[in-house]
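> Need the 3D shape of this:
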Amino acid sequence: MYVSGAYRPAAEATISVFDHGLLYGDGVFEGIRAYNGRVFKLERHIDRLFDSAKAIRLEIPHAHADVCDIVIETCRRNRINDGYIRLVVTRGPGDLGIDPRKCPRAELIVIACQLTMYTAAPAGIRLITSTFRRNAPDATSPSIKSLNYLNNILARLEANDRGADEALMLDGQGYVAEATVDNFFIVTDHALLTPPTATNLKGVTRETLLGLAASLGIRAEEKPFTLFDVWTAKEAFICGTGAEVVPVVSVDARTIGDGTVGPVTGRIVAAYHQLVRSQGTSILPSAPTREVVAGYRV
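Model prediction:
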């Protein structure tokens, strides 16, 4: 793992107990995936990492290109072909006060490993609606991918208690926002719908699927909708870098469609799997260019 400015074995990858990321959740993170020896949308994820850091006035101690290089090198050292990469930027060590000025330098952590989020993903998962509302945009903006996920964790605890695979969260006005760690889509008679990003994360997978829908000739709209629209939807699915695209077959004990993976969801899942396995930043270094002298490669 990359931590404290060096690559270290997991057992030696430590941070200070005075780090404000640990003490106060003061920091940001990104989740990225690698497929077939390539990191999918690496630069886009690092863009979002820097956007989140800017929003909380956290200065990342590396340039954008350097962070990309550290991600690739971490994957190489772990021999990642297909895997998951987690980047964390904390405010860094300070004291027991909350004042960020006491933290002179941020801490960058990069982890590369394997990840499976939903064991029931291929056949579809069951959701419940959480009683916990998603943070308001004028509180802790859901657009910031921060280390403070307590709001989401409380909703996930509720899903666990009620025997569901995941929880759906509403915003303060009662409109559907997102799942605990994933964006949410439904399919109606008219279009593929997903909530606007004011009350949920601007997901990289979400924007990828909107582009795929357009290429497949599937009409897609970003608009608010309610639980009634979810309960009566023809299909539904969640999506995120960690989860990928996961069909939803039940919400609040109401069967979605006929309770199986619908045709629109199936097309999107297939197109997404094909896309992520064909694009990305190579993990292995490029072979050096060989000179050609007198018609022979040397």
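> Got the phi and psi for F228?
phi -60, psi -40 (degrees, to the nearest 10).
> all helices of this structure, in order?
Along the chain, counting by DSSP state H, helices occupy 20-24, 42-55, 64-77, 150-161, 204-215, 227-231, 263-276.
> Using JSON lines, please lay out those together with mean pLDDT and mean neighbour count.
Every residue, glycine included, has its C-beta placed from N, CA and C. Below are these laid out as JSON lines (pLDDT from 0 to 100; neighbours: other C-beta atoms under 10 Å):
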{"stretch": "helix 20-24", "mean pLDDT": "97", "mean neighbour count": "21"}
{"stretch": "helix 42-55", "mean pLDDT": "97", "mean neighbour count": "18"}
{"stretch": "helix 64-77", "mean pLDDT": "97", "mean neighbour count": "17"}
{"stretch": "helix 150-161", "mean pLDDT": "97", "mean neighbour count": "16"}
{"stretch": "helix 204-215", "mean pLDDT": "96", "mean neighbour count": "18"}
{"stretch": "helix 227-231", "mean pLDDT": "98", "mean neighbour count": "15"}
{"stretch": "helix 263-276", "mean pLDDT": "96", "mean neighbour count": "17"}
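> now the strands for the stretch 51-200 of the chain?
Using DSSP state E, counting those that start in this stretch, the strands of the stretch 51-200 of the chain run over residues 83-90, 107-113, 125-129, 166-170, 176-179, 183-187, 192-194.
> Any stretches of the stretch 101-250 of the chain with poor pLDDT?
Regions of the stretch 101-250 of the chain meeting the criterion pLDDT under 70 cover residues 119-120.
> change it to 90
114-123, 137-140, 190, 198-199 (pLDDT under 90).
> mind checking pLDDT for E30?
If you check E30, the pLDDT there is 97.
> any idea how far F50 is from it?
10 Å (C-beta to C-beta, to the nearest Å).
> most centrally placed residue in the protein?
In the chain, the residue lying closest to the centroid (C-alpha atoms, centre = their mean) is T241, at 4.2 Å.
> Would you agree that one is in contact with V204?
Yes: with contact defined as C-beta atoms under 8 Å, T241 reaches V204; the gap is 6.2 Å.
> Give me the common contacts of the two.
H45 (C-beta atoms under 8 Å, 6 or more residues apart in numbering).
> coming back round to it: contacts only, for the residue nearest to the centre of the chain.
Counting by C-beta under 8 Å, 6+ apart, T241 makes contact with 31-33, 45, 84, 203-205.
> run the last query once more with 6 Å
Shown in contact with T241 (C-beta atoms under 6 Å, 6 or more residues apart in numbering): 31, 33, 205.
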